[in-house]
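*Asks:* Can you look at this prediction? I've put the sequence above it.
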Amino acid sequence: MAKNEKEIQIRTLSGESTTISIPSNCSIQDLKLLLKLIFTPAKTSPNFHLFFKGTKMSLGCSLSSYSIENNDFIVLVPFTKKDKSQNHFQPMCVRYDTVSSSSSSSIAADSTYSDLMQDLSSLVDRSGNQNSEDVLENVVSHLETPEKDEKWNRLLRDVFNCSKESSDFDEKGCEKIAQFTDSVNCLSDSKTGKCLLLKSLGNKKEKSCQCPIWLKRLLKVFSFLNIFSGFLQMQNLVITWDRVKGAMRNLGAFGLEVGVEDVKHLSVICPKILRIGNNVSEPIKLGDVIDILDSSANAGDQPASAKNIRTGMVKKYVEGSFYCLSSNTLLMSLFTFVLAFHLCVTVRKQVSISTVVNIVRKREIAFKQTLWWVVEISMGKRKSGNGMRKLPSLEDLLVVMKDTDTATPFGESKRARTNGSADLTSQSGQTRCRDMKPLSPEEMVEHLRKGIGSRQQIVHLKEIGARIAIPVDIPNELSKLTTTALKKIGISRLYSHQAESIQASLSGKNVVVATMTSSGKSLCYNVPVLESLSQNSMSCALYLFPTKALAQDQIRALSVMAEGMNMSFNFGVYDGDTSQEKRKWLRDNARLLITNPDMLHMSVLPFHTQFQRILSNLRFVVIDEAHTYKGAFGCHTALVLRRLRRLCSHVYGSDPSFIFCTATSANPREHAMELAGLSTLDLIQNDGSPSGPKFFALWNPPIYWKAVSKASSETNTSKNADKEIISRRSSPVLELSSLFAEMIQHGLRCIAFCKTRKLCELVLLYTREILKETAPLLVDSICSYRAGYTAQVGIILVAFSYITLRNLAA
């Protein structure tokens with residue numbers, strides 16, 4: 001046994017075992033390959049894992065990374081994969097896999113190669129395999145693939161690192177990309193590295209590549225476009241004809257001649273991978289398609305439609321705001337709007353080099369699959385007199401693509417399902433409305449009944465009439481300072497429930513305000529809190545909100561009221577986004593702290609001595625959206641509030657009043673008392689705010705019938721299997737998207753509430769797909785607003801929504 005070899009014992013769960021000798025620097029993936037050649041349980045198991053001391057061994061790791069002693073052994077555990085449906089158009093003679101990463105270095109791979117080939121030769125001979133030459137060839141190609149992929153990835157990284165600070169390739173970058181494209185000279189199998197044309201022609205005497213010059217040229221041109229597109233994606237830039245031509249001129253100095261006609265030929269042969277146009281739509285996923293924007297007709301990097309929309313929005317905003325804003329306010333608001341809109345259009349997450357490398361590799365695999373599919377069809381049509389296939393020409397490929405109407409060999413049905421456009425039109429038996437006439441809510445209901453709701457989807461309809469406001473005078477208990485501040489912000493009278501709540505809070509009572517949404521509940525707690533803070537310079541208050549967005553809204557409302565009172569007091573948001581420096585300042589100076597139950601539990605109560613000033617003088621605790629505190633979250637919040645009350649009472653001698661606000665609670669008084677452990681609480685639920693008429697429609701997705709094959713437990717389902725008719729309801733997500741698009745199309749401002757982030761994005765995607773068909777100009781009037789945005793993007797979306805946004809998926 002050689003010095004660098006190690007004897008390893010392999011066992012199975014059923015008791016079989018074997019001992020093999022293998023180089024210690026060999027990878028686990030190579031070990032699995034050897035076992036499939038010589039160990040019967042590995043031969044009979046298509047899929048298996050290797051475990052060492054209870055831990056699954058990683059394929060990319062080498063044996064030397066595990067401390068395997070003489071008495072240790074490795075366990076082979078078979079497993080079964082679920083079968084995935086195969087695409088009908090995928091060529092069966094070749095299979096390309098995605099990039100596999102290898103952790104072994106090139107030096108280790110080179111030293112392992114020669115030793116492993118000797119062992120494999122002897123192992124195959126002993127196995128008695130009649131096709132030992134073919135088996136050995138497959139093993140060699142399999143072991144070479146990770147090394148080739150690693151070199152390929154390293155070269156790509158070098159290209160991207162050369163010019164990552166510039167929007168164009170510099171001299172070094174051009175040299176790297178020319179070096180890379182020189183290595184692309186054959187349409188080969190990614191597994192064996194053999195020329196696909198050589199295999200298809202069946203000429204066993206020939207060993208060299210059979211790719212014609214024009215095919216090699218197409219491969220080089222696509223490699224250039226693929227890398228250049230990834231380079232621009234990394235910088236969040238659009239790939240345009242001007243940039244492509246500039247890069248082609250720079251590369252000409254290094255011997256890489258790329259012409260415009262070559263690029264156009266690629267767009268004809270692979271239209272689903274390379275597209276050229278003056279208004280290219282956004283791809284489904286980052287990196288699916290190379291979109292080259294023809295900017296000769298439109299200035300800049302953006303399509304003309306986007307610029308027209310932006311110009312129209314700015315003009316509309318100026319015209320609609322000129323009469324209600326002063327010149328200074330208008331100028332500042334217009335600046336804020338243009339900045340917010342620009343950032344909403346252009347802000348994107350930074351793409352790392354590793355991500356771009358994977359995207360480029362993915363496109364390269366898809367391109368080779370499509371190109372080989374077209375070449376095979378062309379070869380099938382070009383046969384000699386003896387039936388042998390002949391090499392096609394470039395013109396043959398272009399003719400094939402025209403005849404097949406831009407078909408693709410794989411993934412089209414999957415893409416249609418992902419895009420949603422196919423399902424969106426198939427599930428609805430109605431022709432979509434393309435009229436954009438504005439409709440009132442009453443007219444919209446009738447329009448739905450006659451249109452997409454003609455299958456009796458509207459199962460219940462209820463109308464609630466309008467309610468007039470009940471205004472009252474501002475309570476006399478408020479100081480002149482507070483009264484003046486209210487008048488400065490345009491409030492000369494209050495709604496009845498607001499006045500009642502303010503009076504109860506100022507008298508020291510615990511209050512829960514249960515009125516409708518947008519009934520002015522924020523004044524019910526802001527007014528008494530600011531009144532108390534203005535009368536006592538030591539008083540403090542604590543606001544609890546379940547979300548960060550609500551906290552930011554209150555900051556704006558408090559700032560307006562404090563400015564109207566000419567009162568200077570410190571307040572701020574204390575949450576996970578607050579910096580450590582700001583947190584220290586708030587602990588030492590804030591009189592009004594805005595936070596959430598999680599921060600109260602994790603940062604405030606455990607370190608309550610740091611908040612001694614606030615807790616000792618705590619006058620009010622405000623809990624907004626009290627109906628959200630239910631279930632496990634509600635139980636935890638209730639315990640946190642009890643801890644807060646206990647600390648205030650027994651440690652700091654304060655007894656704050658609680659103000660709860662809720663809109664959709666069935667038993668608001670009992671819920672609030674249980675939440676904070678209060679013995680007394682005043683309920684205020686006589687809503688004095690005005691309300692317009694409301695229509696409530698219950699929409700039940702329609703039933704559709706479908707014929708499916710009867711599944712058998714003994715045999716697989718075949719084309720001749722018996723059919724059965726089953727009934728299913730249409731997808732609620734697609735139904736919601738259809739309703740959403742229809743209402744947007746007819747001028748109604750809408751909000752679609754979604755339970756999850758994924759559902760929010762799906763509704764947005766499907767609705768935009770429908771609007772692209774029925775009302776393309778309205779596609780940009782809808783966006784999503786959900787959790788998970790960065791603080792900067794969230795603030796930009798909020799600012800944008802105040803001005804132009806009419807529809808929201810939230």
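*Replies:* Great, that's in hand. Treat the numbers as computed from the prediction; the structure is a model and nothing was measured.
*Asks:* mind saving the C-alpha coords of stretch 65-84 as CSV?
*Replies:* Below are the C-alpha coordinates for stretch 65-84, written out as CSV (Å, rounded to 0.1, in the frame of the first residue of the first chain):
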residue,chain,number,x,y,z
SER,A,65,-10.5,16.1,6.7
TYR,A,66,-12.0,13.3,8.8
SER,A,67,-10.1,11.7,11.6
ILE,A,68,-10.5,8.0,10.5
GLU,A,69,-8.5,5.6,12.7
ASN,A,70,-7.7,2.0,12.0
ASN,A,71,-10.7,0.6,13.9
ASP,A,72,-13.2,3.2,12.5
PHE,A,73,-15.6,2.5,9.7
ILE,A,74,-18.0,4.4,7.4
VAL,A,75,-21.7,3.4,7.1
LEU,A,76,-23.5,3.3,3.7
VAL,A,77,-27.1,4.3,4.0
PRO,A,78,-29.4,4.1,0.9
PHE,A,79,-32.2,6.6,0.3
THR,A,80,-34.9,7.1,-2.3
LYS,A,81,-35.5,10.3,-4.3
LYS,A,82,-38.9,11.4,-5.4
ASP,A,83,-39.3,11.2,-9.1
LYS,A,84,-39.6,14.6,-10.8
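*Asks:* any idea of the mean pLDDT in that stretch?
*Replies:* Mean pLDDT, computed over stretch 65-84, is 79.
*Asks:* same question, stretch 258-268
*Replies:* On average, stretch 258-268 scores 79.
*Asks:* Any idea how many residues pack against Gly520?
*Replies:* 17 (other CB atoms under 10 Å). To be clear about C-beta, it is placed using only N, CA and C from the backbone, and glycine gets the same treatment.
*Asks:* And for Pro690?
*Replies:* Pro690, neighbours per other CB under 10 Å, totals 13.
*Asks:* for the residue lying closest to it once chain neighbours are set aside, what are its contacts?
*Replies:* Leaving aside its sequence neighbours, Pro690 sits nearest to Ala469 (CB to CB, 6 or more residues apart in numbering; 3.9 Å). Each residue near Ala469 by CB atoms under 8 Å, 6 or more residues apart in numbering is listed here: 495, 688-690.
*Asks:* Need phi/psi at Ala469.
*Replies:* The phi/psi pair for Ala469 (degrees, to the nearest 10) reads phi -70, psi 150.
*Asks:* per-residue confidence for the closest residue to Ser479 other than its chain neighbours?
*Replies:* On the basis of CB to CB, 6+ apart, the spatially nearest residue to Ser479 that is not a chain neighbour turns out to be Glu531, at 6.4 Å. Looking at Glu531, its pLDDT is 93.
*Asks:* roughly how far apart are Tyr574 and Arg363?
*Replies:* Relative to Arg363, Tyr574 is positioned 47 Å away (CB to CB, to the nearest Å).
*Asks:* Then Thr628?
*Replies:* 45 Å.
*Asks:* So Ile623 versus Leu274, what's the distance?
*Replies:* 57 Å.
*Asks:* And for Arg583, the neighbour number?
*Replies:* That count, for Arg583 with other CB under 10 Å as the rule, works out to 17.
*Asks:* can you tell me how far it sits from Ala663?
*Replies:* For Arg583, the distance to Ala663 - CB to CB - is 31 Å.
*Asks:* And for Tyr574?
*Replies:* 25 Å.
*Asks:* between those two, who's got more neighbours?
*Replies:* Tyr574 (24 against 17).
*Asks:* Can you check the pLDDT for that one?
*Replies:* Looking at Tyr574, the pLDDT reads 94.
*Asks:* Show the backbone phi and psi for the residue lying closest to it once chain neighbours are set aside.
*Replies:* Counting by CB to CB, 6+ apart, the nearest residue to Tyr574 once its immediate chain neighbours are dropped is Thr595, at 4.5 Å. Main-chain dihedrals, Thr595, degrees, to the nearest 10: phi -150, psi -160.
*Asks:* Neighbours of Thr595, how many?
*Replies:* Counted with other CB under 10 Å, Thr595 comes out at 21.
*Asks:* beta partners of it?
*Replies:* For Thr595, the beta-bridge partners are Leu544 (DSSP bridges).
*Asks:* I'd say it and Tyr543 touch.
*Replies:* Yes - the pair Thr595 / Tyr543 is scored as a contact, 7.2 Å apart, by CB atoms under 8 Å.
*Asks:* circling back: between Thr628 and Arg363, who's got more neighbours?
*Replies:* Set Thr628 next to Arg363 and count neighbours by other CB under 10 Å: Arg363 wins out with 23 against 18.
*Asks:* Which element, helix or strand, includes that one?
*Replies:* helix 353-381 (DSSP states H and E).
*Asks:* quick one: low-confidence parts of the stretch 601-750 of the chain?
*Replies:* 707, 709-723 (pLDDT under 70).
*Asks:* rewinding a little: select only the buried ones of the contacts of Ala469 in ChimeraX?
*Replies:* ChimeraX command restricting the contacts of Ala469 to the buried ones, with burial defined by 16 or more other CB atoms under 10 Å:
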select :495,688,689
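*Asks:* any idea which of the contacts of Ala469 is closest to Pro656?
*Replies:* Distances from Pro656 to the contacts of Ala469, taken as CB to CB, are shortest for Tyr495 (25.3 Å).
*Asks:* excluding its backbone neighbours, what's nearest the closest one?
*Replies:* Closest to Tyr495 by CB to CB, 6+ apart is Gly688, at 3.7 Å.
*Asks:* my guess is the one you found contacts Ser501, does it?
*Replies:* No - the criterion here is CB under 8 Å, and Gly688 misses it with Ser501 at 10.4 Å.
*Asks:* what separates the residue lying closest to Ala366 once chain neighbours are set aside from Glu261, distance-wise?
*Replies:* If the residues on either side of it in the chain are set aside, Ala366 comes closest to Ile273, at 5.7 Å by CB to CB, 6+ apart. Distance of Ile273 to Glu261, given as CB to CB: 18 Å.
*Asks:* Likewise for Leu187?
*Replies:* 20 Å.
*Asks:* So for the two, which sits in the more crowded spot?
*Replies:* Leu187 (21 against 9).
*Asks:* residues touching the more buried one, list them.
*Replies:* 195-197, 211, 215, 219, 368, 371-372, 375.
*Asks:* Of all pairs in these, which one spans the longest distance?
*Replies:* Farthest pair in the contacts of Leu187, by CB to CB: Cys195 and Leu371, 13.3 Å.
*Asks:* With neighbour numbers in mind, choose between those two.
*Replies:* Leu371 (22 against 19).
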